[in-house]
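**Q** need coordinates for the following:
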Amino acid sequence: MTDPADLYERIQSEVSTVLIGKDEIVETLTVSLLTRGHILLEGVPGVAKTTLANLFARATGLEYNRIQMTPDILPADITGTYIYREQEGSFELQRGPVFANLIVADEINRATPKTQSALLESMQERTVTIEGNTLDLPDPFMVIATQNPIEMEGTFELPEAQRDRFQVKLTVDLPERAEESQLLDRFDADPQLGPAGVERVVTVGEIQEARDAVREVFVADVVRDYILDVVEETRSNPDVDHGASPRASIAFLNTAKARAAIHGRSYVIPDDVKAMAEPILSHRLVLSTDAELGNVNRADVVEAVLANVTTPSADAVADAAPTEN
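**A** The predicted structure follows:
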């Protein structure tokens, strides 16, 4: 069976031949891939959000389609439609770009809410319904959506139901000066450097095996209770009108197991839950009006939530962990 830690190491090593300083993002991309999750990437223009997705798709060998979201794009432009062929006198299915392993919805908040909702069925059910006919999507299937936090004109904020479909949200920051200097050196030496030069380093079969290994990761009752306590705390925080949903609890469980496996452990520790807290919660929390007017940061709310919940002791987790023969 493929070791998730080895699979991640191969992906990370191949992606890093082009980009520098994105290891944590590649790790979370791998976590979502191994847990059938979807990712929302936010960052200013030019920080390689789309390039990251393309590199990840090439390293994993996944079929990749990019959809440029615009205000005039229609749901059928994503899912597909039936086209009448006059010569044959019949309708033929024209599949949309959603029929691929990895979909990049670029600048998703530029599409209208109606078009954004066209992805809901695909992301949740992994099927597409076209004129009453329900079709299965490929497996693996993963959506990576990008959005720009500074260009608000002509954008449509993602509704809560849409945001909740994303397992995690990641912020792609500007690189440190030293990293940007290395990037300049790398592209100066090879101006053609890009996704085309990245090789496939894992197979779909290995991804499936790694997923099976993740499912076998042990979660102690004290860690499960910790997850529930964290989610419950978001619902009682005074700065939050609407806390995390049960889907967030499931995301905590799945991603913590995948993170543990990637780090070579057969059991989850509280640090796995803490590491995934901000990516899982930041886009799900609906802040109160007072918090919004006070410019309360969602990251600070997540930090306060974690501070208010008692972390299980290392001894309690170790005692509950299964012993290896």
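**Q** contacting residues around the most centrally placed residue in the chain?
**A** When the chain is reduced to its mean C-alpha position, the closest residue under CA atoms, centre = their mean turns out to be Ile39, at 2.1 Å. Residues in contact with Ile39 (CB atoms under 8 Å, 6 or more residues apart in numbering) are 28-29, 32, 142-145, 166-170. C-beta coordinates here come from the backbone N, C-alpha and C atoms, glycine included.
**Q** let's see it at 10 Å
**A** 25, 28-29, 31-33, 52-53, 56, 142-146, 166-170, 279 (CB atoms under 10 Å, 6 or more residues apart in numbering).
**Q** how close does it get to Gln167?
**A** Counting by CB to CB, to the nearest Å, the gap from Ile39 to Gln167 is 7 Å.
**Q** ok, back up a step: separation between the residue nearest to the centre of the chain and Asp225?
**A** 27 Å.
**Q** now, which of the contacts of Ile39 lie within strands?
**A** Taking DSSP state E as the definition of strands, the contacts of Ile39 contribute 142-146, 168-170.
**Q** what's the most distant pair in these?
**A** In the ones in strands among the contacts of Ile39, two members sit farther apart than any others by CB to CB. They are Met142 and Lys169, at 14.7 Å.
**Q** neighbour-wise, which of the two wins?
**A** Comparing Met142 with Lys169 by neighbour count (other CB atoms under 10 Å), the higher total belongs to Met142, at 26 against 22.
**Q** and the closest residue in space to the more buried one that isn't next to it in sequence, what are its bridge partners?
**A** When the adjacent residues along the chain are set aside, Met142 lies closest to Leu102, with 5.1 Å between them (CB to CB, 6 or more residues apart in numbering). Assessed by DSSP bridges, Leu102 has beta-bridge partners Tyr64, Met142.
**Q** gap between Leu102 and Leu29?
**A** Here the criterion is CB to CB. By it, Leu102 lies 10 Å from Leu29.
**Q** of the two, which one has the most company?
**A** More crowded of Leu102 and Leu29, by other CB under 10 Å: Leu29, with 30 against 23.
**Q** which residue sits closest to the more buried one in space, ignoring its chain neighbours?
**A** Skipping the residues right next to it in sequence, Leu29 comes nearest to Phe56 by CB to CB, 6+ apart, at 5.2 Å.
**Q** list the buried residues of the helix-or-strand element of the chain with minimal mean pLDDT.
**A** Considering only helices and strands, the least confidently modelled element of the chain by mean pLDDT, DSSP states H and E is helix 314-320, at a mean of 79. Under the neighbour-count criterion of 16 or more other CB atoms under 10 Å, helix 314-320 has 316-317 buried.
**Q** all helices of the stretch 1-150 of the chain, in order?
**A** Here the stretch 1-150 of the chain has its helices, by DSSP state H, counting those that start in this stretch, at 4-15, 23-34, 49-60, 75-79, 113-116, 118-125.
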